[in-house]
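Enquirer: have a look at this prediction, sequence included:
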Amino acid sequence: MQLPRNVKRGIGLGVDILSIAIAMVFSYLLSFEAVMPLRVSQWLLLGAIVLCVTLLVFIRMGLYRAVVRYVGFKVLSLVFFTVLLSGALLVLGALWMGIALPVTAVVNYVLVAFLLTGGSRLIVREGYQRAMSRQKDRVMIYGAGSAGRQLAQALANGDEFHPVMFIDDDSGLQNTSVLGLKVTGPEGIACAVRELDVQRILLALPSTLRSRRRQILDSLEQLPVKVQTVPGMSDMVNGDMSIDQLQDVRVEDLLGRDPVTPAPQLMEKHITGQTVLVTGAGGSIGSELCRQILQQRPKVLVLYELSEFALYAIERELTQICQHQGIGAEIIPVIGTVQRRNRIETVLKTFAVDTVYHAAAYKHVPLVEYNMVEGVRNNVFGTWHTAEAAISAGVKQFVLISTDKAVRPTNVMGTTKRLSELVLQGLAQRQRGTRFSMVRFGNVLGSSGSVVPLFKEQIEHGGPVTVTHPDITRFFMTIPEAAQLVIQAGTMGHSGSVFVLDMGDSVKIVDLARKMIRLSGLEEKTEKNPHGDIAIEFSGLRPGEKLYEELLIGDNVEASDHPRILRANEQSLSWDEMEKLLGLLDDACQRFAIDELRQLLLDAPTGYAPLDDHICDVIWNKHRTCSDDETDVA
């Protein structure tokens, strides 16, 4: 039961009265040189004076306001200083009263008084911490360096976790004690988890390379514990997060691929001191592009976005970044669609834009399958209109954000993105004023369409985790790294170049799901393990979805000035051929002739090979159903 604060202070005062009284008696009895006999009245008067003054000093020093369970060196030093004053007062009182008090009595009094008053506080603190530690999750900290020690101290003063051991790769620290906790090597983790009943392992490795973090996570994966990590060093240095704000293991750590440091000369080449416009500025890629662009200090950054809320959110965030970091760039939010050429042309001319990053697109594969006309209108014609507007406005650089799904596409979304590339390649042949380039990459972690946040949500709700197919694989990259590479790729090659980002090895999605389950301290529920926590269910491939994504149509690639960027040499159409195809697509969209539109996509040189002959457009199918019903009635 929690006692009121005044009651606790009263108990503390009573303990100190008893402690000082006992110290005075013991100091006299332990002094063999004491002159006997002493008048009791003198001794009682001297003791009363010393006791009262000492307690008044304790009160003045605020010792009874201190929370005993957090007693540390500062409080103990105040207690010792007060006891010394009390000893000095004892000497002065004895001299004033004519009492022959030996030096040993004073020394004994100071030592015993400090031992009892300070020790009682330490005993209460230790008792409280032991009682509370039984209610906390027992944790091991991987990393006994500076971050690990700070984390241990922060957790020890908290109410959730009780550190019981350090793990460290440094053989010089192993088998030693840090902050009273034993340090063991990685080979002793499994045994220590069982013996110490550990519920979590916390990674205090904010500066460790991702490749090493992945090795560590692989070694911890089979243990029946939840694995969490401290924030990255950049977050702590910037003050965005504190060391005890634990995070679930980030998926980029599971991938284990270390990002390449961006080249400053490439990052700033078409941005610093210039006017830059980003279409789709409020989306996952568009917003990160804006953040990275802002760090290169453009003169003006124009945010072009159709969603009012997304535009508001990114404009507010970027304005705050400018204020906090002293960046003098002008942020201009503009609501608009890329499908209206006159709107975006007016914006480009008004602000004399130098560089355009075209990130606006519909990217969700099934949704574009269900809405074919809008997919073609937004992705193909939106790119064309924006590019023509850029040419008319004298924009120097135009960079298209493409996708790996544009390679041998099996869905409408991928096909429209490949057509967008062909549009820009045709325009690059037609004119030389605006330099066009395209950057193709795979899935980015944390985007609105990524499986990672979906898996996290499903695990938090007890499952099941849904995977479309047991063999499906995807390429992954973090959003900041993708944005940096897009900016750098846009400065390379000639107009019409298609760049491909090195995404590393493809990842099997079901393996990713299993790792996330196990590192959450849970077990997969299977036929062999029916008592597991989270089941994985296979829902089947969605419309237009294929098992394996590719980044290259052929093998004809060239290296670039960046180790993670390749230039693809692929077939393109002349502008006359492309313009004719755009006319046919526009006519089919205008008439909502979905069957003709699909055939045009099949005939276009995109490599479009749908997995079946079924048209998924929801409006088209509804029209056909209604028509069939009317025919049956007739």
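Expert: Right, received. Where do you want to start?
Enquirer: domain ranges for this protein, per the record?
Expert: Structural domains assigned to the chain are 5-131, 137-249, 266-444+476-504+550-603, following automatic domain parsing.
Enquirer: how many residues are close by Ile285?
Expert: Counted by other Cβ atoms under 10 Å, the residues lying close to Ile285 total 24. (Each C-beta comes from the backbone N, C-alpha and C, glycine too.)
Enquirer: what about it, which helix or strand?
Expert: Using DSSP states H and E, Ile285 falls within helix 284-295.
Enquirer: which helices and strands does that helix pack with?
Expert: Contact analysis of helix 284-295 by 3 or more Cβ pairs under 8 Å, 6 or more residues apart in numbering; DSSP states H and E lists strand 275-279, strand 300-305, helix 308-325, strand 355-358, helix 479-489 as its packing neighbours.
Enquirer: one more pass at 10 Å, please.
Expert: helix 264-268, strand 275-279, strand 300-305, helix 308-325, strand 355-358, strand 397-401, strand 443-445, helix 479-489 (3 or more Cβ pairs under 10 Å, 6 or more residues apart in numbering; DSSP states H and E).
Enquirer: comparing those by mean pLDDT, which bottoms out?
Expert: Comparing mean pLDDT across the helices and strands packed on helix 284-295, the lowest value falls on strand 443-445: a mean of 70.
Enquirer: continuing past that one, what's the next helix or strand?
Expert: On the C-terminal side of strand 443-445, the nearest following helix or strand under DSSP H and E is helix 451-460.
Enquirer: buried sites along that next one?
Expert: For helix 451-460, burial by neighbour count (16 or more other Cβ atoms under 10 Å) applies to 451-452, 455, 458-459.
Enquirer: and what of stretch 151-171?
Expert: Neighbour-count burial for stretch 151-171 flags 151-152, 154-156, 161-168 (criterion: 16+ other Cβ under 10 Å).
Enquirer: identify, from those, the entry nearest to Lys580.
Expert: The shortest gap between Lys580 and any of the buried residues of stretch 151-171 belongs to Leu151, at 64.3 Å (Cβ to Cβ).
Enquirer: ok, now how distant is that closest one from Phe161?
Expert: Between Leu151 and Phe161 the computed distance is 9 Å (Cβ to Cβ, to the nearest Å).
Enquirer: related to what we said a few turns ago, switch the helices and strands packed on helix 284-295 over to CSV; also include distance to Arg214 and mean neighbour count.
Expert: Below are those laid out as CSV (distance: least, Cβ to Cβ, whole Å; neighbours: other Cβ atoms under 10 Å):
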stretch, distance to Arg214, mean neighbour count
helix 264-268, 27, 16
strand 275-279, 32, 26
strand 300-305, 35, 25
helix 308-325, 31, 15
strand 355-358, 31, 27
strand 397-401, 28, 25
strand 443-445, 14, 22
helix 479-489, 16, 24
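Enquirer: Lys182: what secondary structure?
Expert: The assignment at Lys182 comes out as strand when based on DSSP: H, G, I helix; E, B strand; the rest coil.
Enquirer: for the residue lying closest to it once chain neighbours are set aside, which residues count as its bridge partners?
Expert: The spatial neighbour of Lys182 that comes closest, neighbours along the chain excluded (Cβ to Cβ, 6 or more residues apart in numbering), is Met165 at 5.4 Å. Judged by DSSP bridges, the bridge partners of Met165 are Met140.
Enquirer: quick one: contacts for Met165?
Expert: Counting by Cβ atoms under 10 Å, 6 or more residues apart in numbering, Met165 makes contact with 138-142, 144, 152, 178, 181-184, 188-189, 192-193, 195-196, 198, 201.
Enquirer: picking that back up, quick check: which of the helices and strands packed on helix 284-295 is nearest to Arg430?
Expert: With respect to Arg430, and counting by Cβ to Cβ, the nearest of these is strand 397-401 at 13.2 Å.
Enquirer: and Glu537, what pLDDT?
Expert: Per-residue confidence at Glu537 stands at 90 (pLDDT).
Enquirer: Thr526 is in contact with that one, correct?
Expert: No: the criterion here is Cβ atoms under 10 Å, and Glu537 misses it with Thr526 at 11.3 Å.
Enquirer: pick out the shakiest of the domains of the chain, pLDDT-wise.
Expert: Among those, domain 5-131 scores lowest, with a mean of 67.
Enquirer: can you select the buried ones from the contacts of Met165 in PyMOL?
Expert: Here is the PyMOL command that picks out the buried ones among these, judged by 16+ other Cβ under 10 Å:
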select buried, resi 138+139+140+141+142+144+152+178+181+182+183+184+188+189+192+193+198+201
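Enquirer: show me where the stretch 401-550 of the chain has its strands.
Expert: In order along the chain, the stretch 401-550 of the chain carries the following strands (DSSP state E, counting those that start in this stretch): 435-440, 443-445, 465-467, 473-474, 476-478, 497-501, 507-508, 524-525, 534-538.
Enquirer: sorry, slip of the keys, the one I care about is the stretch 151-300 of the chain.
Expert: In the stretch 151-300 of the chain, the segments counted as strands under DSSP E, counting those that start in this stretch are 161-167, 177-178, 181-184, 200-203, 226-229, 247-248, 275-279, 300-305.
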